[in-house]
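Undergrad: could you look at this predicted model? Sequence included:
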Amino acid sequence: HRNAGGNPADASYWKASAQVHGSPYADDFASPVQENSEARPAVFRLHPNHPNPFNPKTTFAFDLPNESHVTLFIYNTLGQRVAAPLDQVMQAGLHEAEWDGSAFPGGMYLARLQTSGGHSATIKILLLK
């Protein structure tokens, strides 16, 4: 819909159009989005690893709502723990851990992330050789 008597090259044309059509905050201008690096995740979460399937490395991203001792264990399909790529105290926030499976045979594995706060999550991962 064209504003009668206005020039689309003039900013007032669009402001008037917004006011006529009832757009909220017609006088507002866009402001830049600011990242809050101090943001604390609200809940514990283990994100899907990437890439998956992988060869030979994969990355696990996870959210920690509180400081915690965190372990990431890798298990084979027999339930045997074969690797521990992460075992340390970590601050609240978004974190990543990497596993290099180059010393292991291809196949299905389970990755289990656990915290001293009682949170845990397990995902299936596939190492291709």
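TA: Nice, I can see it. This structure is a prediction, so every number in the text was calculated from the model and none was measured. Residues are numbered from 1 along each chain as shown.

Undergrad: rounded mean pLDDT for stretch 47-62, please.
TA: The average of the pLDDT scores along stretch 47-62 is 97.

Undergrad: quick one: the helices in this structure, in order.
TA: For the chain, the helices defined by DSSP state H cover 11-20.

Undergrad: quick one: low-confidence parts of it?
TA: Residue ranges of the chain with pLDDT under 70: 1-38.

Undergrad: rerun at 50
TA: For the chain, applying pLDDT under 50 flags the ranges 1-3, 16-37.

Undergrad: okay, strands next: where are they in this structure?
TA: 45-46, 57-64, 68-75, 81-90, 93-100, 107-115, 120-127 (DSSP state E).

Undergrad: would you list those in CSV and tack on distance to Ala39 and mean neighbour count?
TA: For glycine as for every other residue, the C-beta is placed from the backbone atoms N, C-alpha and C. Shown next, in CSV, are the strands of the chain (distance: least, CB to CB, whole Å; neighbours: other CB atoms under 10 Å):
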stretch, distance to Ala39, mean neighbour count
strand 45-46, 14, 17
strand 57-64, 10, 19
strand 68-75, 17, 18
strand 81-90, 16, 14
strand 93-100, 8, 15
strand 107-115, 19, 18
strand 120-127, 21, 15
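
Undergrad: show me the beta-bridge partners of the nearest residue to His47 once chain neighbours are set aside.
TA: With sequence-adjacent residues excluded and distances taken as CB to CB, 6 or more residues apart in numbering, His47 is closest to Ala61, at 4.2 Å. Ala61 forms beta bridges with Glu96, as assigned by DSSP bridges.

Undergrad: contacting residues around Ala61?
TA: Ala61 is in contact with 46-47, 50, 94-96, counting by CB atoms under 8 Å, 6 or more residues apart in numbering.

Undergrad: relative to Leu72, how far out is it?
TA: Per CB to CB, to the nearest Å, Ala61 is found 11 Å from Leu72.

Undergrad: for Ala111, same thing?
TA: Distance, Ala111 to Leu72, by CB to CB: 6 Å.

Undergrad: alright, calling it a day.
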